[in-house]
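The following comprises the amino acid sequence and a computationally predicted model.
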Amino acid sequence: MEVQHEIAFHDGESSRPAEEEIRARVADLERIYGRLISCRVRVEQCAVNPGNTIPPVVHIELGLPGRKHFLISHEPDHLLRKYKHPDLHHAIVEAFRLAERQLVEIKEQRNGRNKNGHHDSAHQSLGQVAEVTPEQDFGFLMTKEGGLLYFHRNSLLNGDIDDLKRGDDVYYNEDVGDTGPIATKVRVKARSLTAE
C-alpha cells in the first residue's frame, strides 16, 4: 500500500531535488513501518539572517493506526551545531533520521507487547517527573541517583503528557540521544487507589 503523503514548502523555495529526496525517504519509512497511513512533510524557513546561514526546519507528521498523529522536527540550532554549513539536505536527513528511529521504536514496542507484555520491564528504572512542558512536547525525569533525563511526548508508552504532573512515578529506559542521555520507553506507573 502506498502511503498517502503531502509535501509543502513555506517561506522558502521548493525544489524538485528536495521533493524527490523527501519522496524517497517517505518510501523508506513505509518499508520500516508497513502500517504507516500518512506522512505530511512541511519545509519551513522560520528565520533568516544576513548570510542566509540558518537552515530550514523540516516537520514530519506521521499517521499510524490506533495512535494520534505525531510530529517530528529538527530545530535549526541543532543543525548549526552538527554541521559546518547546514542546508535543506541536512535538515531533511536529520528529520527523517529521527522519524526512522521513532518508527523502529514503535515497531519494537508493538512486537514486544504482542510477544510477552512489557518486554523491557526488566531493564527499566523507576523515576519521577521533575518537570513537564506539554505545550512543547517534552519534560524531564529525575533518576534515583538525582540526575535529570530529557524525554519527549513520543517516548510515552502509556498515559498522556498533558496529564503528567511533577512527582508522578514513571518507568523508563535510559538511552543516548543527540545531546546526551535521554529517557525512552516511558511508562506511567499505575496510581494506587488507596493513596488517593
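Good, I have the coordinates. Here the structure is a predicted model, which is why all the values come from computation and not from measurement. Numbers count the residues shown, from 1 in each chain.

Which strands and helices lie in contact with the worst-scoring helix or strand of the chain on mean pLDDT?
Taking all helices and strands of the chain together, the one with the lowest average confidence (mean pLDDT, DSSP states H and E) is helix 76-82, at a mean of 72. Using 3 or more CB pairs under 8 Å, 6 or more residues apart in numbering; DSSP states H and E as the contact criterion, the secondary-structure elements in contact with helix 76-82 are helix 88-116. No exception for glycine: its C-beta is placed from N, CA and C like everyone else's.

Now do the helix it packs on: distance to the chain's middle.
Centroid separation for helix 88-116 versus its chain: 8 Å, with CA atoms, centre = their mean, to the nearest Å.

Partner strands of the helix or strand following that helix, with direction?
Tracing the chain past helix 88-116, the next element assigned as helix or strand by DSSP states H and E is strand 125-133. Looking at strand 125-133 with DSSP bridges, its paired strands and their directions are strand 138-142 (antiparallel), strand 169-177 (antiparallel).

Tell me, what's the model's pLDDT at residue 13?
In the prediction, the pLDDT value recorded for residue 13 is 67.

ok, now which ones touch residue 33?
Under the criterion of CB atoms under 8 Å, 6 or more residues apart in numbering, the contact list for residue 33 reads 64, 103-104, 106-107.

if we can go back for a sec, give the buried residues for the least confident helix or strand of the chain.
76, 78-79 (16 or more other CB atoms under 10 Å).

for the nearest residue to residue 71 once chain neighbours are set aside, which residues make a bridge with it?
For residue 71, ignoring the flanking residues on the chain, the nearest one in space by CB to CB, 6 or more residues apart in numbering is residue 61 at 5.1 Å. For residue 61, the beta-bridge partners are residue 40, residue 71 (DSSP bridges).

Around residue 61, how many other residues sit close by?
Residue 61 sits with 16 neighbouring residues when counted by other CB atoms under 10 Å.

go on, residue 165?
Residues within reach of residue 165, counting by other CB under 10 Å, total 7.

For this structure, give me the ranges with low pLDDT.
Counting by pLDDT under 70, the ranges of the chain that qualify are 1-3, 12-13, 49-53, 75, 111-122, 178, 191-196.

contacting residues around residue 164?
Listed by CB under 8 Å, 6+ apart, the contact set of residue 164 reads 129, 132, 134, 139, 188.
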